[in-house]
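In: predicted structure and sequence below. I'll ask about it afterward.
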Amino acid sequence: MNLNSIHNIYFVGIGGIGMSAIARYFHANNKYVAGYDKTQTEITESLIELGMAIHFEDSVENIDKRFLNSENTLVVYTPAVSGNHTELVYFRANGYHVLKRSEVLGLITENTFCLAVAGTHGKTTTTSILGHLMRECEIEMTAFLGGISENYNSNLILNGAEVSVVEADEFDRSFLTLSPDIACITSMDADHLDIYGDASELKKTFEDFSKRIKPNGKLFIKNGLPLKGITYGIEDDSNYTVQNIKIENGTYVFDVKTPKTVLENIQFNLPGRHNLSNALIALAMAVEYGCPYRQLAKALASYKGVKRRFTYHIKSEGLVLIDDYAHHPEEINAVHQAVREMYPDKKVLAIFQPHLFSRTRDFADEFADSLSQFDELLLLDIYPARELPIQGVTSAWLLDKVNNKNKELVSKGQLLSKIGESNAQIILTIGAGDIGEEVKHIKKEFSFES
């Protein structure tokens, strides 16, 4: 498909984080963009402010009349939308060009120099760091992010079309539509078993992705993964490695050993060893592309993070409130490591909302182990997202597995009073569902502490 011949782009599920980035891209490239989403959010409001027509009721009658001509219209949908969605069924039945988000991303990036970030954890932060580094090095590039960058207040960094930086999503095997020039794989932990069935099939799909790299392209892999490529790691024998780590005034200061040199006294402001790893691989990919060392070091020091990735909402002597998107046991472990490193003598209350019945079922014991590490735990009901309930899989069932004396199952309506009963100095809200919406209520109730 030639995207130049398409004038109108309609999104089914336009409010999704990946979908909205592409919607912004087409809007910036003078296409007429509109769409549907089931929920009104800050993202959909920001798209409406740009001039996109968005509605929230699944009805063919709501489709903008500009989209009645199927010849010059592209319909983009997310796999999170049901196959019997009324508007999607209409478009398919009437001869429209209908493509998944990942397929459209593949079309956008196929004629660019593409840098792709894959892995079950760390994709969004790494992609946003890499996008920021390339932007600050004045590369003509576009970065599609899976989160809202604090530096740009957007999930799209738009600075030209020669280079693309993309988050390569393994969900639904989406990343197999990409053909990157430089790629990395940050992790291959089991996840999305509702799609893959078992961990071996997920591993095979990552192997398939590694074969999608263009001839003479480069693959970076975190040291220890069962693939061949340029290795990176923390304080080890990798091709790219972080050494001499110090924490000064809440900032990491460290050296980076590359195959050719050592970069000294690099500064990075995000806490947690997992974020050090994300910064390292973003830096390594930018180095291999050809960005100058001095500009990269300056850019890394100015990186602010991604919303809902260890985001501070209250930061005072008496109380700290941090919100994080972590929704897999390994991600919760990474958040725990980061908060203990930054606040070793403080009491930590974690509020967790499990995401998906299938993920809760598949990793129940691992979730229990990761949640047992906090001083106190408040557990919310499972956020279903695209799933129907699974018999016996509940938050109460998960809580029984947690080895923690200070644990409780709570509703959203009980949250504020339960937090008020705690004497924890650090409050963590964790999860990929709608728990982020509760943060503003918690902040409003307890920000007098700051």
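Out: Done, it's in.

In: so what's Phe220 closest to, chain neighbours aside?
Out: Sequence neighbours aside, Cys184 is the residue nearest to Phe220 in space, at 3.8 Å (criterion: Cβ to Cβ, 6 or more residues apart in numbering). Yep, even glycine has a C-beta here, placed from its N, CA and C like the rest.

In: can you tell me the SS state at the most centrally placed residue in the chain?
Out: Taking Cα atoms, centre = their mean, the centroid of the chain lies closest to Thr124, which sits 3.6 Å from it. Assigned with DSSP: H, G, I helix; E, B strand; the rest coil, Thr124 falls in the helix class.

In: pLDDT score for it?
Out: Looking at Thr124, its pLDDT stands at 92.

In: about what we covered before: spit out the contact partners of the residue nearest to Phe220.
Out: 116-119, 126, 219-222, 232, 281, 284-285 (Cβ atoms under 8 Å, 6 or more residues apart in numbering).

In: got phi/psi on Gly160?
Out: When read as degrees, to the nearest 10, the backbone of Gly160 gives phi 120, psi 180.

In: tell me how far it lies from Gln295.
Out: 16 Å (Cβ to Cβ, to the nearest Å).

In: do the same with Leu50
Out: With Cβ to Cβ as the criterion, Leu50 and Gln295 are 31 Å apart.

In: what about those two, which has more around it?
Out: Gln295 (14 against 11; other Cβ atoms under 10 Å).

In: ok, now which ones touch the more buried one?
Out: Gln295 neighbours (Cβ under 8 Å, 6+ apart): 136-137.

In: what do you get for the one 5 residues further on?
Out: Counting by Cβ under 8 Å, 6+ apart, Leu300 touches 129, 133, 266-268, 279, 282-283.

In: let's go with 6 Å and repeat that
Out: For Leu300, the contacting residues are Phe268, by Cβ atoms under 6 Å, 6 or more residues apart in numbering.

In: picking that back up, just the contacts of Cys184: which are in strands?
Out: The members of the contacts of Cys184 that map onto strands under DSSP state E are 116-118, 219-222, 232.

In: among these, pick out the one closest to Phe175, please.
Out: Ala118 (5.6 Å; Cβ to Cβ).

In: in the helix or strand hosting Ala21, what counts as buried?
Out: Ala21 belongs to helix 17-28 when assigned by DSSP states H and E. Neighbour-count burial for helix 17-28 flags 17-27 (criterion: 16 or more other Cβ atoms under 10 Å).

In: ok, now stretch 4-16?
Out: Buried, per 16+ other Cβ under 10 Å, within stretch 4-16: 6, 8-16.

In: any idea how far the lengthiest helix in the chain is from the chain center?
Out: For the chain, the longest helix by residue count, based on DSSP state H, is helix 273-289. In terms of Cα atoms, centre = their mean, to the nearest Å, the centre of helix 273-289 is set 16 Å apart from its chain centre.

In: let me know the angle separating the following helix or strand past that helix from helix 273-289.
Out: Under the assignment DSSP H and E, the closest C-terminal helix or strand after helix 273-289 is helix 293-301. Between the axes of helix 293-301 and helix 273-289, defined by axes from the mean of the first three to the mean of the last three Cα atoms, to 10 degrees, the angle is 150 degrees.

In: which elements pack onto the helix or strand following helix 293-301?
Out: For helix 293-301, the following helix or strand on the C-terminal side (DSSP H and E) is strand 311-315. Applying 3 or more Cβ pairs under 6 Å, 6 or more residues apart in numbering; DSSP states H and E, we find strand 311-315 packed against strand 320-324.
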